[in-house]
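# Provided below for reference: sequence and predicted model.
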Amino acid sequence: MEQKASNKVPVGNTFDLITYMWKKRYVLILLSSIAFIASIVVSLLITPRFKSNVVLFPAASVSLSKSLVETSSISTDFRDVLSFGEDDEAERMLQILHSNQIKDHVIQKFNLMDHYEIDLSDPFPYTKLEKKYKSNIRFRRTEFMSIEISVLDADPQMAADIANEIAAYIDTTIHNIQRERAVEAYNLVEKEYNNAGNEIRMISDSLQKIRQLGVLYNELSQKMESEIERLGLLKAKLVASKVNVEQTLPQIFIVDKAVKSEKKSVPRRSIIVIISTFAAFALSLLALLIIDQIKHSNP
C-alpha cells in the first residue's frame, strides 16, 4: 500500500491542479516572467510592416468586336463590356496575378532584390526573393467575387505603390496575351481578304474581255457575285479582327485603390507577448508535472 501511495500522480483533478500550481507558483511566475520579457524584446526587434490593399472586380470575358462591331452576330451571352466577371473570370484573374509576367515586372520596377536587402552572393538569392515576394504580396478572392491584392512592406508608401502597380499591370498582361493571338487571327483574315480581292479582279478582267467579244458568260458572272459577297463578309471580319488587335479596354474595375497606411499591420506585439507568456506558463507547468511524475514513479 505504501508503494502504491508513493506512485500516486501529483495531480488528479482540477482542485489538485490548482493546489499544485500554487505550490509551484514561484517557479511558474519566474519562467513566465522570463518569457514575458523575452517576448517583449523579440517583438521590438521585429521590423514593423504596413499593409495596403487594392480591391477590384474582373471584367466579363466578352469579345469586343462582337459587342461593338459585328451587327450580324447573334449571341446568347447577355453580358457586355460593362459587365462584371463571374467565377471563371475571377479564377483566371487569380492565375494571371500569380503569373511570372506580373511577378518579374514588379521585382524589376521596384528593384525588390535591393529593397529586401538580398545579397546576390548568397547561396540561393532568387529563392529568398521568391519567399519574400510570396510572404509580402498576396492575392485572394473575396466572398463578393472581387479580387483583393494585399501588400506588406516596411515602407508604407512602397506597399501602396506596389499594390497599385500590380492592379495597373493586369491590363497590360492580359492585352499582351490576347494581342499575340489577335494578331495571328488578323493576319489570316487579311490574307483571305486580299486573295478574294485578287480573285474578283481576275474575274472582272475575264468578264470584260468576254463582253468585248459580244459573249455572255452566266457562270462567270455568278462566280463574280459570289466572290463579291464573300469579300464583304471578309471585310467585316477584317474590321472586327482589327478591333481585337487594337482594343485597350480595361479588363478590371477597381473599387478601392491602395493608399499609404498610417498604422502598422504587423507585428501585433501585444498578441505576441500574451501568446508567448501563456505558452511558457503551460510548458513550464507540463514540465514540472512530468518531472514530479518521474520522481514519484522512481522513489
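Thanks, I have it.

# from here on, just use CA atoms for contacts and neighbour counts.
OK.

# what helix or strand does residue 165 sit in?
helix 156-212 (DSSP states H and E).

# please name every helix or strand in contact with that helix.
Here helix 156-212 touches strand 50-58, helix 87-97, helix 100-109, strand 147-153, helix 218-246, going by 3 or more C-alpha pairs under 8 Å, 6 or more residues apart in numbering; DSSP states H and E.

# tell me the first helix or strand C-terminal of the third one.
Pointing back at helix 100-109 there. Criterion used, DSSP H and E; the element after helix 100-109 is helix 112-115.

# and that following helix, what does it pack against?
Secondary elements touching helix 112-115 (3+ C-alpha pairs under 8 Å, 6+ apart): none.

# so which bits of that helix are buried?
112, 113 (16 or more other C-alpha atoms under 10 Å).

# can you check stretch 274-291 too?
Buried, per 16+ other C-alpha under 10 Å, within stretch 274-291: 276, 277, 280, 281, 284, 285, 288, 289.

# kindly report the same for stretch 160-172.
160, 161, 162, 163, 164, 165, 166, 167, 169, 170, 171, 172.

# what sits against the residue nearest to the second one when sequence neighbours are not counted?
Leaving aside its sequence neighbours, residue 161 sits nearest to residue 258 (C-alpha to C-alpha, 6 or more residues apart in numbering; 7.5 Å). If you count contacts by C-alpha atoms under 8 Å, 6 or more residues apart in numbering, residue 258 has them with 52, 53, 54, 160, 161, 163, 164.

# what's the answer for residue 136, then?
150, 151, 152, 153.

# and the third one, what are its bridge partners?
Per DSSP bridges, residues listed as beta-bridge partners of residue 152: residue 51.

# same for the strand or helix carrying residue 279, what does it pack against?
Using DSSP H and E, residue 279 falls within helix 269-297. The contact analysis (3+ C-alpha pairs under 8 Å, 6+ apart) places helix 269-297 against helix 25-45.

# hmm, back to that, in a strand, that's where the residue nearest to residue 161 is, yeah?
No - in this structure, residue 258 is coil, not part of a strand, as judged by DSSP: H, G, I helix; E, B strand; the rest coil.

# look up how far residue 221 lies from it.
65 Å (C-alpha to C-alpha, to the nearest Å).

# got phi/psi on residue 137?
Main-chain dihedrals, residue 137, degrees, to the nearest 10: phi -120, psi 120.

# contacts only, for the nearest residue to it once chain neighbours are set aside.
Leaving aside its sequence neighbours, residue 137 sits nearest to residue 151 (C-alpha to C-alpha, 6+ apart; 4.6 Å). Residues in contact with residue 151, defined by C-alpha under 8 Å, 6+ apart, are 51, 52, 53, 136, 137, 138, 159, 160, 162, 163.

# pLDDT and distance to residue 87 added to those residues, as TSV?
Listed next are the contacts of residue 151 as TSV, based on pLDDT from 0 to 100; distance: C-alpha to C-alpha, whole Å:
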residue	pLDDT	distance to residue 87
51	91	27
52	93	25
53	93	21
136	94	26
137	94	22
138	94	19
159	94	28
160	94	27
162	96	26
163	95	23
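
# now render those as JSON lines, adding distance to residue 27.
Listed next are these as JSON lines, based on distance: C-alpha to C-alpha, whole Å:
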{"residue": "51", "distance to residue 27": "40"}
{"residue": "52", "distance to residue 27": "44"}
{"residue": "53", "distance to residue 27": "46"}
{"residue": "136", "distance to residue 27": "40"}
{"residue": "137", "distance to residue 27": "43"}
{"residue": "138", "distance to residue 27": "43"}
{"residue": "159", "distance to residue 27": "45"}
{"residue": "160", "distance to residue 27": "48"}
{"residue": "162", "distance to residue 27": "49"}
{"residue": "163", "distance to residue 27": "49"}
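
# count the residues that sit near residue 52.
Burial measure for residue 52: 25 neighbouring residues, criterion other C-alpha atoms under 10 Å.

# residue 260 is in contact with that one, correct?
Yes - contact criterion C-alpha atoms under 8 Å: residue 52 and residue 260 qualify, at 6.7 Å.

# now for these two: what residues contact both?
Going by C-alpha under 8 Å, 6+ apart, residues that sit against residue 52 and also against residue 260 are 156, 159, 160.

# next, find the distance separating residue 179 from residue 141.
26 Å.

# so which residue is smack in the middle of the chain?
residue 97 (3.4 Å; C-alpha atoms, centre = their mean).

# list the residues that contact the closest residue to residue 150 other than its chain neighbours.
Nearest residue to residue 150, sequence neighbours excluded (C-alpha to C-alpha, 6+ apart): residue 53, at 4.6 Å. Residue 53 makes contacts with 148, 149, 150, 151, 160, 163, 256, 257, 258, 259, as judged by C-alpha under 8 Å, 6+ apart.
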